[in-house]
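sequence unknown, structure follows:
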Ligand SMILES: Nc1ncnc2c1ncn2[C@@H]1O[C@H](COP(=O)(O)OP(=O)(O)OP(=O)(O)O)[C@@H](O)[C@H]1O
């Protein structure tokens with residue numbers, strides 16, 4: 001399943017942030033999004049994942065194919081680690097949670113309430129959810145926040161395994177992950193500020 005973005009203009013809070021974006025993500029490949037704080041990477045990922053509409057342009061190939069991991073881990077604190085994974089597995093129709101536990105070395109924490117995990121452990125649990133979704137396109141917003149060096153390697157290994165199975169990944173990150181993949185610097189797509197003539201002076 002390929003993802004295509006064509007002539008995409010996106011906005012946050014009603015203000016255009018990026019315009020003229022065009023790229024394709026094909027099976028087996030990763031694309032790394034780069035750009036300074038506030039440029040619009042999260043906004044782009046939210047738009048690709050269908051969490052907000054574009055101002056104009058199209059995203060194709062995103063119907064029920066995307067697993068999105070944003071800044072929030074989305075874990076249920078009163079459930080244990082294994083209960084969280086079983087919940088997601090039931091939502092996505094997956095079978096065993098063992099591959100997800102193993103990918104992020106969570107077996108020893110399986111019976112701990114998720115609310116009692118450290119920040120990095122919570123992030124590992126949040127990322128392990130991707131494994132049980134079975135979705136081919138992972139859309140990830142700064143996935144390595146709170147992870148130590150070993151856990152970053154676990155994450156990179158999990159992405160490599162996903163790509164090896166024909167999946168793909170679109171990842172916004174400020175760090176080097178050691179992954180093969182295209183790099184898309186979104187800086188050149190920064191939306192131009194509106195011309196002064198575009199302002200509605202009626203309120204003055
Ligand atoms: N809820 C909101 N309402 C209005 N503006 C917002 C909102 N959320 C973010 N913004 C603004 O939209 C712009 C793009 O933000 P976005 O989070 O997409 O940037 P980013 O490239 O992901 O940044 P970072 O690298 O810091 O995560 C920023 O100027 C930000 O201040």
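Alright, I've got the coordinates. Small disclaimer: the values here were computed from a predicted structure and weren't measured. Residues are numbered from 1 along each chain as shown.

quick check: domain ranges of the protein?
Per automatic domain parsing, the domain ranges recorded for the chain read 1-65+136-193, 75-134.

any idea of the mean pLDDT in the longest one?
Just to be clear, that refers to domain 1-65+136-193. Mean pLDDT, computed over domain 1-65+136-193, is 95.

gap between it and the chain center?
7 Å (C-alpha atoms, centre = their mean, to the nearest Å).

that domain spans what distance, first to last residue?
In domain 1-65+136-193, first residue to last residue: 35 Å (C-alpha to C-alpha, to the nearest Å).

again, but for the shortest one
Across domain 75-134, the terminal residues are separated by 18 Å (C-alpha to C-alpha).

what helix or strand does the residue nearest to the spatial centre of the chain sit in?
By C-alpha atoms, centre = their mean, the chain has its centre lying nearest to residue 140, at 1.6 Å. According to DSSP states H and E, residue 140 maps onto strand 137-141.

dump the residue contacts of residue 23.
4, 5, 31, 184 (C-beta atoms under 8 Å, 6 or more residues apart in numbering). Yep, even glycine has a C-beta here, placed from its N, CA and C like the rest.

for it, list each beta-bridge partner.
Beta-bridge partners recorded for residue 23 (DSSP bridges): residue 5.

and this protein, which of its residues are near the ligand?
Neighbours of the ligand within the chain, by C-beta under 6 Å from any ligand atom: 12, 13, 17, 35, 37, 38, 39, 40, 41, 42, 43.

residue in the chain nearest to the ligand?
residue 13 (2.3 Å; C-beta to the nearest ligand atom).

burial measure for that residue, as a count.
Neighbour count of residue 13, defined by other C-beta atoms under 10 Å: 6.

with residue 160 instead?
A count of neighbours around residue 160, defined by other C-beta under 10 Å, yields 16.

hang on, isn't it packed against residue 178?
No - at 9.3 Å, residue 160 does not count as touching residue 178 under the criterion of C-beta atoms under 8 Å.

looking at it, residue 175 is touching residue 152, isn't it?
Yes - here residue 175 reaches residue 152: they are 7.4 Å apart, a contact under C-beta under 8 Å.

same drill for the two, tell me which one is more crowded.
Neighbour tally, residue 175 and residue 152, criterion other C-beta under 10 Å: the higher count belongs to residue 152, 18 against 11.

next, the more buried one: secondary structure please.
Secondary structure, DSSP: H, G, I helix; E, B strand; the rest coil: residue 152 is helix.

could you measure from residue 111 over to residue 101?
Separation of residue 111 from residue 101 (C-beta to C-beta, to the nearest Å) stands at 11 Å.
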